[in-house]
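In: My questions are about this predicted structure, shown below with the sequence.
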Amino acid sequence: MIVVLKPRTTDEDISKVVKLAKEFGFDVNISKGAEKTIIGIIGDNVYERRDSFEALSCVEKIVAVLKPFKLVSREFHPGDTVINIGDAEIGNGNFEFIAGPCSVESMKQMEMEAEFLSGLGVKFLRGGAFKPRTSPYSFRGLGVKGLKILRKVANEHGMKVVSEIMSEQDLDLFEEYVDVIQVGARSMQNFRLLEKLGGSTKPILLKRGFMSTIEEWLLAAEYLFHHGNDRVILCERGIRTFEKYTRNTLDISAIPLVKNLSHLPVIVDLSHSTGRRDLIRPLSKVVVVSGADGAMIEVHPDPEKALSDGQQSLNFEEFEVTYRASMKLYQMIGEFIWS
Ligand code: PEP
Ligand code: MN
């Protein structure tokens, strides 16, 4: 870690920094320039003490030498991570779809979904049972009943269940009924939840917070790793910008960027990142060529009657066209993307 001192620092200022470093057991390397003095702080876990150095009035800024995340970084693990989920996998050159409604609404709805999606070859069935809704008066999901419905229909059709957890209190339920635990955009920085999920046996689908930088997102993944769970799938779901025609702005540059910085698989949620049914199909092609490992799309038997997010859900026919076009494109250019 490098401490850059403000211009015109005195020897007394320098000693303050050195004294603090020694107190923490670190070594120092002082470089006095005509304009600026910089002090290298050397030792284990120096970043834990970053705030103490930053608080000194003579300090202009702290420059990190290493990336703030380690376990999720490419340097630490040069090969691509593949997440095995029973007989399915995310990564490894596959392009997988995670599809299903925003919310689980009834057994009948989910039977239709599972039958249709599994018939197309989709392996991952999504559906929210505990819904994070901005208003407490909106439909907030069926809770445990929703998880049970998901499990039943997924088992009947050989699918894997993906569903969002909002509270660590529900972890036992998710361990029982779900194959991939989704952490939603609003919970990406719920650090207690992340710590708890670090102890889970299930893979985690970690959505990017809509106000989060890529670094914050990777640090959230680092929390999961640090607490013991190295089965993490990243999900770009759009970020909030000034643009009003879309619900969020799909940050497509995040895909190659994150693939560069990290070894984790990345998928793109086309429904939440656009908020618009008409943009899902054109953007699915972009996502296929972006190098992502898959896509998530909200699908509903009758989107106009959906209890949540109908405007960004495809009906079965629309999904089938999108799915087939994406898979065809992927097969055509897959070799090129991965070379
Ligand atoms: C969802 O997947 O239904 C959801 C609420 O997503 P996000 O957390 O990305 O808003
Ligand atoms: Mn939704």
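Out: Done, it's in. Ligands and ions are numbered 1, 2, ... in the order given.
In: got the residues of the stretch 201-339 of the chain near ligand 1?
Out: Lys207, Arg237, Asp269, His272 (Cβ under 6 Å from any ligand atom). No exception for glycine: its C-beta is placed from N, CA and C like everyone else's.
In: Next, the contact list for the second one, please.
Out: Arg237 makes contacts with Ala185, Lys207, Arg208, Phe210, Asn248, Val268, Asp269, His272, Ser273, Met296, as judged by Cβ atoms under 8 Å, 6 or more residues apart in numbering.
In: Chain neighbours aside, what residue packs nearest to it?
Out: Asp269 (3.9 Å; Cβ to Cβ, 6 or more residues apart in numbering).
In: Can you show me the helices along this protein?
Out: Taking DSSP state H to define them, one finds helices in the chain at 11-23, 50-54, 107-120, 144-156, 171-177, 191-198, 214-226, 254-261, 270-274, 277-290, 316-338.
In: Touching, Asp269 and Leu234? I think so.
Out: No. Judged on Cβ atoms under 8 Å, Asp269 makes no contact with Leu234 at a distance of 10.8 Å.
In: quick one: low-confidence ranges for this protein?
Out: Across the chain, the ranges flagged by pLDDT under 70 are 335, 337-339.
In: residue in it nearest to ligand 2?
Out: Using Cβ to the ion, the single residue of the chain nearest to ligand 2 is Cys102, 3.2 Å away.
In: Deepest-packed of the helices of the chain, please.
Out: Burial of those is given as mean neighbour count (mean count of other Cβ atoms under 10 Å); helix 270-274 ranks first at a mean of 26.
In: Is that helix positioned near ligand 2?
Out: No. Judged by Cβ under 5 Å from the ion, helix 270-274 makes no contact with ligand 2; its nearest approach is 6.0 Å.
In: just to revisit the earlier point, output the residues of the stretch 201-339 of the chain next to ligand 1 in a markdown table; the columns should cover distance to Asn45.
Out: As requested, those are exported to a markdown table (distance: Cβ to Cβ, whole Å):
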| residue | distance to Asn45 |
| --- | --- |
| Lys207 | 29 |
| Arg237 | 33 |
| Asp269 | 35 |
| His272 | 37 |
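In: Return the subset of the residues you listed lying in strands.
Out: Lys207, Asp269 (DSSP state E).
In: follow-up on the earlier one: could you find the closest non-adjacent residue to the residue of the chain closest to ligand 2?
Out: Asp309 (3.7 Å).
In: where's the one you found relative to Pro303, distance?
Out: Counting by Cβ to Cβ, to the nearest Å, the gap from Asp309 to Pro303 is 9 Å.
In: who touches the nearest residue to Val321 once chain neighbours are set aside in this structure?
Out: Once flanking residues are discounted, Val321 sits nearest to Arg281: 6.9 Å by Cβ to Cβ, 6+ apart. The neighbourhood of Arg281, defined by Cβ under 8 Å, 6+ apart, consists of Glu318, Val321, Thr322, Ala325.
In: and the residue in the chain that ligand 1 sits nearest to, how many neighbours?
Out: Using Cβ to the nearest ligand atom, Gly184 is the residue of the chain that sits closest to ligand 1, at 3.0 Å. As a burial measure, Gly184 scores 22 neighbours (other Cβ atoms under 10 Å).
In: quick one: buried residues of stretch 294-304?
Out: Gly294, Ala295, Met296, Ile297, Glu298, Val299, His300, Pro301, Pro303 (16 or more other Cβ atoms under 10 Å).
In: isn't the first one right up against Ile90?
Out: Yes. Gly294 sits in contact with Ile90 when judged by Cβ under 8 Å, with a separation of 6.2 Å.
In: any shared contact partners between those two?
Out: Glu96, Pro265, Ile267.
In: Test my guess that the last one contacts Asp293.
Out: Yes. In this structure, Ile267 is within contact of Asp293 by Cβ under 8 Å, at 5.6 Å.
In: Report the set of residues contacting both of these two.
Out: Counting by Cβ under 8 Å, 6+ apart, the residues touching both Ile267 and Asp293 are Ile90, Glu96, Ile233.
In: Strands - which of those residues land there?
Out: Ile90, Glu96, Ile233.
In: On the strand side of things, show who the last one bridges to.
Out: Taking DSSP bridges, one obtains Leu205 as the residues bridged to Ile233.
In: Same check on the second one?
Out: On the basis of DSSP bridges, Glu96 takes part in beta bridges with Gly294.
In: any idea how far Ile280 is from the residue lying closest to Gln109 once chain neighbours are set aside?
Out: Take Gln109 and drop its neighbours on the chain: the residue closest to it by Cβ to Cβ, 6+ apart is Pro301, 6.1 Å away. According to Cβ to Cβ, Pro301 stands 17 Å off from Ile280.
In: could you dump the ones in strands among the shared contacts of Ile267 and Asp293 to a markdown table with neighbour count and distance to ligand 2?
Out: Shown next, in a markdown table, are these (neighbours: other Cβ atoms under 10 Å; distance: Cβ to the ion, whole Å):
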| residue | neighbour count | distance to ligand 2 |
| --- | --- | --- |
| Ile90 | 27 | 20 |
| Glu96 | 25 | 19 |
| Ile233 | 26 | 18 |
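In: List just the nearest of these to Val59.
Out: Ile233 (38.8 Å; Cβ to Cβ).
In: Inside strands: which ones of the buried residues of stretch 294-304?
Out: Among the buried residues of stretch 294-304, the members falling in strands (DSSP E) are Gly294, Ala295, Met296, Ile297, Glu298, Val299.
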